[in-house]
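> Provide a 3D model corresponding to the input given below.
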Amino acid sequence: MTHKEFISEVQKVSGLDKQVCATLLSATVKLLAEEGTEQIPVEFEGLGTFVATKHPEYIEENPETHVVTLYPPRISYRFQSQMEL
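Below you'll find the model as predicted:
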């Protein structure tokens, strides 16, 4: 799902203006980026929690070509839903 498709879906479900949905999404992404570096869970009451996990950098060598690649550190998110489907 693209960024625009996601905003359209949120707009359909919420009934909010498209610009408001885009602003909310932008604020959410900014919040996750800021809190993710500290690995602080971000909870949306009644919806769920985003839990950040930091992965360290690592070096990998291709066994066939012997090319060495350095992968930078990264943060991944896991969403834990509070809603029952």
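> What segments of this structure are strands?
In chain order, the chain shows strands spanning 42-44, 48-55, 58-61, 68-71, 74-81, with DSSP state E as the criterion.
> report the angle between the axes of the second one and strand 74-81?
Same thing as strand 48-55. Using axes from the mean of the first three to the mean of the last three CA atoms, to 10 degrees, the inter-axis angle of strand 48-55 relative to strand 74-81 is 160 degrees.
> Give the other helices and strands that strand 48-55 contacts.
Applying 3 or more CB pairs under 8 Å, 6 or more residues apart in numbering; DSSP states H and E, one finds that strand 48-55 contacts helix 18-36, strand 42-44, strand 74-81. Where you see a C-beta, it was placed from the backbone N, CA and C, and this is true even at glycine.
> Asn62 is nearest to which of those?
Proximity to Asn62, assessed across the helices and strands packed on strand 48-55 by CB to CB, is greatest for strand 74-81 (19.9 Å).
> that older thread, and the strands of the chain, which one is worst for confidence?
Of all those, the minimum mean pLDDT falls on strand 42-44 (a mean of 86).
> mind listing what it pairs with, with the direction of each?
Paired strands of strand 42-44, with direction, are strand 48-55 (antiparallel) (DSSP bridges).
> Could you give me the buried positions within the strand it pairs with?
Across strand 48-55, burial judged by 16 or more other CB atoms under 10 Å covers Phe50, Val51, Ala52.
> ok, the first one to Arg74 distance?
With distances defined as CB to CB, to the nearest Å, the gap from Phe50 to Arg74 amounts to 15 Å.
> still on that earlier bit, tabulate the strands of the chain in JSON lines, adding columns for distance to Gly36.
Converted to JSON lines, the strands of the chain look like this (distance: least, CB to CB, whole Å):
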{"stretch": "strand 42-44", "distance to Gly36": "8"}
{"stretch": "strand 48-55", "distance to Gly36": "4"}
{"stretch": "strand 58-61", "distance to Gly36": "19"}
{"stretch": "strand 68-71", "distance to Gly36": "18"}
{"stretch": "strand 74-81", "distance to Gly36": "5"}
